[in-house]
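Undergrad: Build me a structure from this.
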Amino acid sequence: MVNIGQFNRLTVTKLVNFGVYLEAGEHDNILLPRRDVPPDCKVGDKLHVFIYHDSEDRLIATTRRPLAMVGDTRLLKVKDTGPFGAFLDWGLDKDLLVPFGQQRRPMEVGYSYVVHLYIDEYTERVVASSKLNHFLSETADQFQANQEVDLLICQRTDIGYKAVINQTHLGVIFTADLLQPLKIGEKLKGYIKQIRPDGKIDLSLQLQGQEVRDQLSDLILEHLRTHGGVSDLTDKSTPEDIYSQYQVSKGNYKKAIGGLYKRRLIHIEKDCIRLTN
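TA: Modelled structure (predicted):
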């Protein structure tokens, strides 16, 4: 069985002057064009090849690695648009189609979008979609708080950013938990902040918990002691200013100074915080 949109290990069955043919089971033999044929290739060799449809809608093989495969979620750039949708550059001769119905918003030439690759059930061709919630779950119960995960930033929202988690789920990084400005398509490590009662996933770019806040509280107190007992970083300061000083999110900073205030170690004023003594 040949897996379209994936790498397959197929046997060479015939040599021709324009390439070699590979055994493809239920499909007709698949051509590997001459430019991709390894030196000294012979009948019976097994080759590691990627299978997709060419511009004439025939299955074809290549030894080149595309920028994404079926099941992947990646940032890809629009090369062209046409009557059926947008066409993305995925590193192969034939561009990757995103049908109009699979575009979260109309795609424009020259811009890049995070898309998920899948097999269209009617045409059996590899296509892509920017409607990620159709393919990735937005709820989960298998994650644990403070679990490290791989993130792909995929969408800006009114409350922060949506991110792809481990290529399988979608979660949210709230604005208060940002460490620095993020870019769509950016890959970075993150952490599960919490699983909400409805199963939705909140994310953080740093570890959470009392131990982390205690360490931050110590840093804040030390900073105050070495700067005359005053700091102009308050709970109203920008996430960028807070990150520049402490490399933490605004949310964690607010919790830390709130804890110091409750312990009567600082005063929180309109434009600064001060040591109580």
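Undergrad: make it CA atoms for all contacts and neighbour counts henceforth
TA: Fine.
Undergrad: List the contacts of the residue nearest to H53 when sequence neighbours are not counted.
TA: In space, not counting the residues next to it along the chain, H53 is nearest to L59; the distance is 4.4 Å by CA to CA, 6 or more residues apart in numbering. Shown in contact with L59 (CA atoms under 8 Å, 6 or more residues apart in numbering): 30-31, 51-53.
Undergrad: Assumed G258 was part of a helix.
TA: Yes: assigned with DSSP: H, G, I helix; E, B strand; the rest coil, G258 falls within a helix.
Undergrad: Would you mind measuring from it to I273?
TA: 11 Å (CA to CA, to the nearest Å).
Undergrad: So these two - more neighbours on which side?
TA: I273 (20 against 17; other CA atoms under 10 Å).
Undergrad: follow-up on the earlier one: okay, the contacts of L59 in TSV with secondary structure and neighbour count next?
TA: Shown next, in TSV, are the contacts of L59 (DSSP: H, G, I helix; E, B strand; the rest coil; neighbours: other CA atoms under 10 Å):
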residue	secondary structure	neighbour count
I30	strand	21
L31	strand	23
I51	strand	23
Y52	strand	22
H53	strand	16
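Undergrad: Strands of the stretch 101-250 of the chain, start to end?
TA: Taking DSSP state E, counting those that start in this stretch as the test, the strands found in the stretch 101-250 of the chain are 112-119, 126-129, 148-157, 160-165, 169-174, 187-195, 201-204, 230-231.
Undergrad: Out of those, which gets nearest to Y246?
TA: Closest approach to Y246 among these is made by strand 230-231 (12.5 Å; CA to CA).
Undergrad: what residues are up against Y113?
TA: Shown in contact with Y113 (CA under 8 Å, 6+ apart): 75-78, 130, 154, 184-185.
Undergrad: What is the nearest of these to K193?
TA: Closest to K193, out of all of these and judged by CA to CA, is C154, at 18.2 Å.
Undergrad: Check the gap between the closest one and P181 for me.
TA: Taking CA to CA, one finds C154 at 14 Å from P181.
Undergrad: my guess is N17 contacts R34, does it?
TA: Yes: applying CA atoms under 8 Å, one finds N17 in contact with R34, separated by 7.4 Å.
Undergrad: higher neighbour count, those two?
TA: R34 (14 against 7).
Undergrad: what are the bridge partners for the nearest residue to the more buried one once chain neighbours are set aside, then?
TA: Spatially, and ignoring its direct neighbours in sequence, R34 is nearest to G19 (3.8 Å; CA to CA, 6+ apart). Counting by DSSP bridges, G19 is bridged to V16, P33.
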